[in-house]
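Chemist: attaching a predicted model along with its sequence, questions to come.
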Amino acid sequence: HAVGRPELVGNVGGTGRAISLASGVKNITLDAGFEHSPEMPALTIGSMPDYPTQRIELLVQQEVTRQFAMRELRGACTAPVGYAILGFALWGHASTQRLIIWFALLCVFELNNIVQSALLARLARKRNPPIWRTHFLTVSILCEGLVFGSSAIFLPPGLPILALFNTAVLAVGAALCIYHLCLHKPALWAYTSALMLPTSALNLLAPVANDPLAVPVGIGCLVVLALCAVLASDAAFLTREGIHAMVTNRVMADDLQRNNAELRTALTTIHELATRDPLTQCLNRRAAMEVLGREMARQDRQDIAFGLISLDLDHFKIVNDRFGHPAGDAVLQATADRVRAQLRSEDFLARMGGEEFLCVITHADVDGLQATAERIRQSMGSSPLVADPEPLTVTGSFGAVLRDPNESLEAVLSRVDRALYRAKKGGRNRVELG
């Protein structure tokens, strides 16, 4: 996946022997052992998607908005502590009525900030919210900052220590907003400017007479404002980088999970194509050999016998010659369905080629094996296998053998073939034990 956009394509036409894993730099061929069959469709597994910048940026902006709203929500919930501290310091030195109005306005704006930021965060969890909601919250933050920063006008002259404390509280508020508002620069600039510029203007443009701290305080407010801008820019850059990495990883993880699901589905399909006869959905010859190998190993290890029933349709060539290959295919499909209905869930049915089928009967004995073969023979002759182009009843000849302990695969297959040959020579539509 690191080299481009690989695609796994199963070419089951032609020889039907390979699956090609094609990428931008190389082709890797995997032998899947397919039986040749023109009915097998081409198989394509979804390729590793690319990650368009626009998609990533939209998700990053959504997450930036969500985090901005969540940070402002936390800041709005804790800001009244600072208001209370400053209000307590000003109590008794400023007009009580003005302080009450000041504190009430701050609480109103903070309550609005809490509601707006909560709504914004909720919307940003699902999609990018309308831009006007962010602007509305920014305006509310600006109003809060203007009211908070206006505390300087309440200060009576002749109290430089109180003025210095007021400036310090405002500077702390500006510093804290670097975390809360760095993801939205308009809100950051609005809030820090509203906090620091009124105090700076009062001290630089209309300083109190004989106040040696007026000019330093005014300059200090501007320095705080500049530092907040620089630090907030760095914080915003680092935070956005982290968000971008998180969003990219999340998108890649989601796509990887989806690709893995597609790959599992494709591998299941590949396995079906490699082991199933596409016409009858029976096991193909290759898969039948694997089943026989497992059953032989289990018999040699646990002494659990199994048997084979070989079925060959009688006079099947006449069906093809007279009614055509579509009718022959329908007969083969119907035969597989009839035989499958007479087998247990633990038994296996394979199409060995042409009109020849092989049943693998597990946990078998001679009597049960013969009974199963006879039951299949009777079910085939009991009624027509197909009704179109006309009702066709096709019988079969059966050879049945029980595998002896430690008997080789070639030997047991030879025995069942000889039993089938005897059934053919004996008049067809019969069962012969080997």
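Modeler: Right, received. Where do you want to start?
Chemist: quick check: mean pLDDT across the helix or strand in which V147 is found?
Modeler: Using DSSP states H and E, V147 sits within helix 131-149. Helix 131-149 shows a mean pLDDT of 91.
Chemist: run through who's touching the helix or strand following that helix.
Modeler: Note on helix 131-149: by DSSP H and E, the next helix or strand toward the C-terminus is helix 160-181. Residues outside helix 160-181 that contact it (CB atoms under 8 Å, 6 or more residues apart in numbering) are 68, 71-72, 74-75, 79, 82, 85-86, 89-90, 93, 141, 148-149, 151-152, 155-156, 187-188, 191-192, 195-196, 199, 211-213, 217, 220-221, 224-225, 228, 231-232, 235. Yep, even glycine has a C-beta here, placed from its N, CA and C like the rest.
Chemist: same thing but 7 Å
Modeler: Helix 160-181 is contacted from outside by 71-72, 75, 82, 85-86, 89, 93, 148-149, 151-152, 155, 187-188, 191-192, 195-196, 199, 211, 213, 217, 220-221, 224, 228, 231-232, 235, using CB atoms under 7 Å, 6 or more residues apart in numbering.
Chemist: show me how far stretch 68-80 is from its chain's centre.
Modeler: Offset of stretch 68-80 from its chain centre (CA atoms, centre = their mean, to the nearest Å): 34 Å.
Chemist: output it as PDB, nothing but the C-alphas.
Modeler: Extracted as PDB, the C-alpha positions of stretch 68-80 are listed here (Å, rounded to 0.1, in the frame of the first residue of the first chain):
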ATOM      1  CA  PHE A  68     -12.300  25.700  19.900                       C
ATOM      2  CA  ALA A  69     -15.900  25.400  21.200                       C
ATOM      3  CA  MET A  70     -15.000  22.900  23.900                       C
ATOM      4  CA  ARG A  71     -12.100  25.100  25.100                       C
ATOM      5  CA  GLU A  72     -14.200  28.200  25.200                       C
ATOM      6  CA  LEU A  73     -16.900  26.300  27.100                       C
ATOM      7  CA  ARG A  74     -14.400  25.300  29.800                       C
ATOM      8  CA  GLY A  75     -13.000  28.900  29.800                       C
ATOM      9  CA  ALA A  76     -16.500  30.400  30.200                       C
ATOM     10  CA  CYS A  77     -17.300  28.100  33.100                       C
ATOM     11  CA  THR A  78     -14.100  29.100  35.000                       C
ATOM     12  CA  ALA A  79     -14.000  32.800  34.100                       C
ATOM     13  CA  PRO A  80     -16.400  33.900  36.900                       C
END
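Chemist: what are the buried residues along that stretch?
Modeler: Buried residues in stretch 68-80, defined by neighbour count with 16 or more other CB atoms under 10 Å: 68-73, 75-76, 79.
Chemist: out of those, which sit inside helices?
Modeler: Counting by DSSP state H, the part of the buried residues of stretch 68-80 found in helices is 68-73, 75-76, 79.
Chemist: nearest to R98 among those?
Modeler: A79 (19.6 Å; CB to CB).
Chemist: one step back: could I get the buried residues of stretch 68-80 as a markdown table with pLDDT?
Modeler: What follows is the buried residues of stretch 68-80, written out as a markdown table (pLDDT from 0 to 100):
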| residue | pLDDT |
| --- | --- |
| F68 | 92 |
| A69 | 91 |
| M70 | 93 |
| R71 | 92 |
| E72 | 91 |
| L73 | 92 |
| G75 | 90 |
| A76 | 89 |
| A79 | 88 |
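Chemist: same list (those residues) but as TSV, adding distance to L181.
Modeler: Formatted as TSV, the buried residues of stretch 68-80 follow (distance: CB to CB, whole Å):
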residue	distance to L181
F68	7
A69	11
M70	12
R71	7
E72	7
L73	12
G75	8
A76	11
A79	12
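Chemist: and which of the residues you listed is nearest to L123?
Modeler: Set against L123, the nearest of the buried residues of stretch 68-80 by CB to CB is A69 (8.5 Å).
Chemist: tell me the contacts of that closest one?
Modeler: Residues near A69 by CB under 7 Å, 6+ apart: 117, 120-121, 124.
Chemist: quick one: the strands in the stretch 1-150 of the chain?
Modeler: With DSSP state E, counting those that start in this stretch, the ranges of strands along the stretch 1-150 of the chain come out as 7-11, 18-22, 27-31, 43-45.
Chemist: which ones among the contacts of A69 are found in helices?
Modeler: If you go by DSSP H, the contacts of A69 have 117, 120-121, 124 in helices.
Chemist: narrow those to those that are buried.
Modeler: Among those, those classed as buried by 16+ other CB under 10 Å are 117, 120-121, 124.
Chemist: of those residues, just say which sits nearest to N320.
Modeler: Nearest to N320 among these is A124, at 67.6 Å by CB to CB.
Chemist: any idea how far V60 is from that closest one?
Modeler: 12 Å (CB to CB, to the nearest Å).
Chemist: just give me the closest of the buried ones among the ones in helices among the contacts of A69 to F306.
Modeler: Nearest to F306 among those, with distances taken as CB to CB, is A124, at 63.7 Å.
Chemist: confidence score at the closest one?
Modeler: Looking at A124, its pLDDT reads 88.
Chemist: so what does Q342 have for phi and psi?
Modeler: Per-residue torsions, Q342: phi -90, psi 0 (degrees, to the nearest 10).
Chemist: ok, it touching Q378?
Modeler: No - using CB atoms under 7 Å, Q342 makes no contact with Q378, being 9.1 Å away.
Chemist: what about these two, which has more around it?
Modeler: Each of Q342 and Q378 has its neighbours counted (other CB atoms under 10 Å); Q342 has more, 18 against 13.
Chemist: which residues sit in contact with the more buried one?
Modeler: Residues near Q342 by CB under 7 Å, 6+ apart: 372, 375-376, 379.
Chemist: 6 Å instead, please
Modeler: Neighbouring residues of Q342 by CB atoms under 6 Å, 6 or more residues apart in numbering: 375-376, 379.
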